[in-house]
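Trainee: Could you look at this predicted model? Sequence included:
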Amino acid sequence: VMMDFYADWCIPCLELDRVTFTDPVVIASTSGFTRLKVDMSQYESEENRELRERFEIAGVPTIVFLDRDGDEVTGTRVVGFLSAERFMERIHMVPQEK
């Protein structure tokens, strides 16, 4: 699972959407993931507070990769904007089942 914690008002989040997530290599490499966008636009809401605590989200954008058991894959978390090339370095760190 790839969880993208974003907010409508977040410039680096928009940059990820427009630059990194539209890259053909990123699209192909993440096609095997369940990809979830988690809207944190209402950052202080009760629901988002619970999500921030559960997934230890300090700000947006944050991308968290979860394994089959729902545990975060250590060392793969993305905080802030990454180019497609740098994002692919994280993707390669996530074990993928065939």
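Mentor: Done, it's in.
Trainee: Lowest mean pLDDT among the helices and strands of the chain, which one is it?
Mentor: helix 46-55 (a mean of 93; mean pLDDT, DSSP states H and E).
Trainee: Run me through the strand neighbours of whichever helix or strand comes after that one, direction for each.
Mentor: For helix 46-55, the following helix or strand on the C-terminal side (DSSP states H and E) is strand 62-65. Using DSSP bridges, the strands paired with strand 62-65 are strand 2-6 (antiparallel), strand 78-79 (antiparallel).
Trainee: residues contacting the most centrally placed residue in the chain?
Mentor: With distances taken as Cα atoms, centre = their mean, Ile63 lies nearest the centre of the chain, 2.1 Å away. In this structure, Ile63 makes contact with 2-5, 77-78, 90, judged by Cβ atoms under 8 Å, 6 or more residues apart in numbering. Backbone N, C-alpha and C define where each C-beta goes, glycine included.
Trainee: Where does pLDDT dip in the chain?
Mentor: 97-98 (pLDDT under 70).
Trainee: swap the cut-off to 50 and go again
Mentor: Counting by pLDDT under 50, the chain has no low-confidence residues at all.
Trainee: As a check, name the ranges of all helices in it.
Mentor: 11-15, 24-29, 46-55, 84-91 (DSSP state H).
Trainee: neighbours of the residue nearest to Gly70 when sequence neighbours are not counted, just the number please.
Mentor: Leaving aside its sequence neighbours, Gly70 sits nearest to Val1 (Cβ to Cβ, 6 or more residues apart in numbering; 7.8 Å). Neighbour count for Val1, taken as other Cβ atoms under 10 Å: 15.
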